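1. coordinates for the following, if possible.
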Amino acid sequence: MSLEPGSTIGIVGAGQLGRMLAQAAAQLGYRTHVYAPDPAPPASGPASLYVCADYLNADAMAAFAAECDVVTYEFENLPVEALEAMGDKLRPSTRSLAIAQDRAHEKRFIEEHGGKVANWHEVSEAADLEAAGEKIGYPLVLKSRRLGYDGKGQAWVREADQLMDAWDAIGREPAVAEAAVDYIAEFSVLVARRADDELAVWNAPRNIHDGGILRRSEVPAGEGVDEQVPQAVEVACELAMKLGHVGVMAVEFFATADGPLVNEIAPRVHNSGHWTIEGSQTSQFEQHIRCIADLPLGDPALVSPRVTMDNLIGHDVDRWEQILAEPGAHLHLYGKREARAGRKMGHVTRLG
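-> Numbering: from 1, shown residues only. Okay, here's the model as predicted:
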């Protein structure tokens, strides 16, 4: 049953993704309540109400959910147990979170449902490191199983005598070791699913990273990627269906000589889909609201033959006046007060 305009949508997490979700919800006539432990976060601006409380405060989480008609989340590093108290109000469910939060569970899930991943080995203790090197070869990358994003919790290993140093670098946390991938490019597929299995998929962007942080997304993805997109879309849609995911989900891929390899799943709106705000008929943020409110899905088609999105990282944001003076540039600033190295301060989208 569709959520009536004027209803309240809860958003757990209050960063820039929550901010843009709140803006999309307001456009469709909804109120938004936002929950996070941070003082004056980006999403508190457009929200109708901001609740500042800890994610582990079960009583506060339950009280928050009681004031909302439906609740969603803007990032995956959240306590599953606390969110489970929200029951059917939470969309997508904690199943998507639980799998995406653990790289080993995620890789098994992908392989079980038709996706291919880089050769990998689970690392729980020191003895597993040597076994990983023997199975995978070098170079390999060691990634913590949980709480990794934007290149955090990762360490490269070029030869065997670096294994222990790499494990020390990630805090000797449970990890996965992955073979280095000889890839043509990185790209992502964003898929939206309603509870009745209706799906919508956007054009796949080519993604350019620097230091583990997304710098640019380009649509169309271009040579070397476009021909692999249909297979990747099949995989992404299958994963969304098997998860029973309600909302937008991003699946990141490597385009390789042997076809697309899944890098990881993000069970939420995603940085590589920011271009959809101006670049498609329906943005990823509006589509996510449509999914969780059980509304008809919008058209994801392009409005321009070419779209690029550049993140403004750290002091890149100091160019905001120059960008505003540029014809055809669409500037989005996230309202963060302090520019720091590696911090996403905004983005700019260009059409044509």
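2. what residues are up against the closest residue in space to Phe64 that isn't next to it in sequence?
-> In space, not counting the residues next to it along the chain, Phe64 is nearest to Tyr35; the distance is 4.9 Å by CB to CB, 6 or more residues apart in numbering. Where C-beta positions appear, they are placed from N, C-alpha and C, glycine not excepted. With CB atoms under 8 Å, 6 or more residues apart in numbering as the criterion, the residues that contact Tyr35 are 10-14, 50-51, 53, 60-61, 64.
3. got it, and Gln16?
-> Contacts of Gln16 were listed using CB under 8 Å, 6+ apart, and they are 42-43, 334, 336, 344, 346.
4. residue ranges with poor pLDDT in the stretch 151-300 of the chain?
-> Low-confidence segments of the stretch 151-300 of the chain, defined by pLDDT under 70, are located at 151.
5. now do the strands in it.
-> Using DSSP state E, counting those that start in this stretch, the strands of the stretch 151-300 of the chain run over residues 154-157, 175-179, 183-193, 199-201, 206-210, 213-219, 247-256, 259-266.
6. surely Pro92 meets Val248?
-> No: assessed by CB atoms under 8 Å, Pro92 is found out of contact with Val248, at 9.0 Å.
7. neighbour count for those two, which is higher?
-> A count of neighbours by other CB atoms under 10 Å puts Val248 above the other of Pro92 and Val248, at 32 against 25.
8. so what's the more buried one bridging to?
-> Beta bridges link Val248 to Ala192, judged by DSSP bridges.
9. give the contact list for it.
-> Contacts for Val248 (CB under 8 Å, 6+ apart) come out as 190-192, 268-270, 273, 284, 287-288, 291.
10. would you mind measuring from it to Asn263?
-> Between Val248 and Asn263 the distance is 17 Å, computed by CB to CB, to the nearest Å.
11. Ile136 now?
-> Between Ile136 and Asn263 the distance, using CB to CB, works out to 16 Å.
12. next one: Arg19
-> Looking at Arg19 against Asn263, where the rule is CB to CB, the gap reads 26 Å.
13. so between the two, which is more surrounded?
-> Of the pair Arg19 and Asn263, Arg19 is the one with more neighbours under other CB under 10 Å, namely 26 against 19.
14. low-confidence ranges in the stretch 1-150 of the chain?
-> Of all residues in the stretch 1-150 of the chain, those with pLDDT under 70 make up the ranges 148-150.
15. would you map the helices across it?
-> In the stretch 1-150 of the chain, the helices defined using DSSP state H, counting those that start in this stretch lie at 16-27, 58-66, 80-84, 94-100, 103-112, 126-136.
16. tally of neighbours for Ser304?
-> Counted with other CB under 10 Å, the neighbours of Ser304 add up to 15.
17. same question, Glu81
-> The local packing of Glu81 (other CB under 10 Å) involves 11 other residues.
18. repeat that for the one 10 residues further on.
-> The burial metric for Arg91, expressed as a neighbour count using other CB under 10 Å, is 22.
19. for it, list the residues it contacts.
-> Under the criterion of CB under 8 Å, 6+ apart, the neighbours of Arg91 are 70-72, 195, 246-247, 291-292.
20. check the gap between it and Leu163 for me.
-> Distance, Arg91 to Leu163, using CB to CB: 41 Å.
21. domain ranges for this structure?
-> Domain segmentation of the chain under automatic domain parsing yields 8-90, 119-179, 183-351.
22. would you reformat the ones you listed as TSV and include distance to Ser2?
-> As requested, the domains of the chain are arranged in TSV below (distance: least, CB to CB, whole Å):
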stretch	distance to Ser2
domain 8-90	11
domain 119-179	33
domain 183-351	5
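23. of all the ones you listed, which lies closest to Arg103?
-> When those are ranked by distance to Arg103, counting by CB to CB, first place goes to domain 119-179 at 4.8 Å.
24. what lies in contact with stretch 270-287?
-> Counting by CB under 8 Å, 6+ apart, residues outside stretch 270-287 touching it are 20-21, 23-24, 27-28, 188, 190, 192, 200, 202-203, 205, 207, 214, 217, 219, 248, 250, 252, 269, 290, 297-304, 307-309, 311, 330, 332, 344, 347, 349, 351.
25. quick one: secondary structure of Trp320?
-> For Trp320, the reduced secondary structure class is helix; criterion used: DSSP: H, G, I helix; E, B strand; the rest coil.
26. contacting residues for it?
-> In this structure, Trp320 makes contact with 312, 331, 333, 346, judged by CB under 8 Å, 6+ apart.
27. what subset of those residues is buried?
-> Among the contacts of Trp320, those that count as buried by neighbour count (16 or more other CB atoms under 10 Å) are 312, 331, 346.
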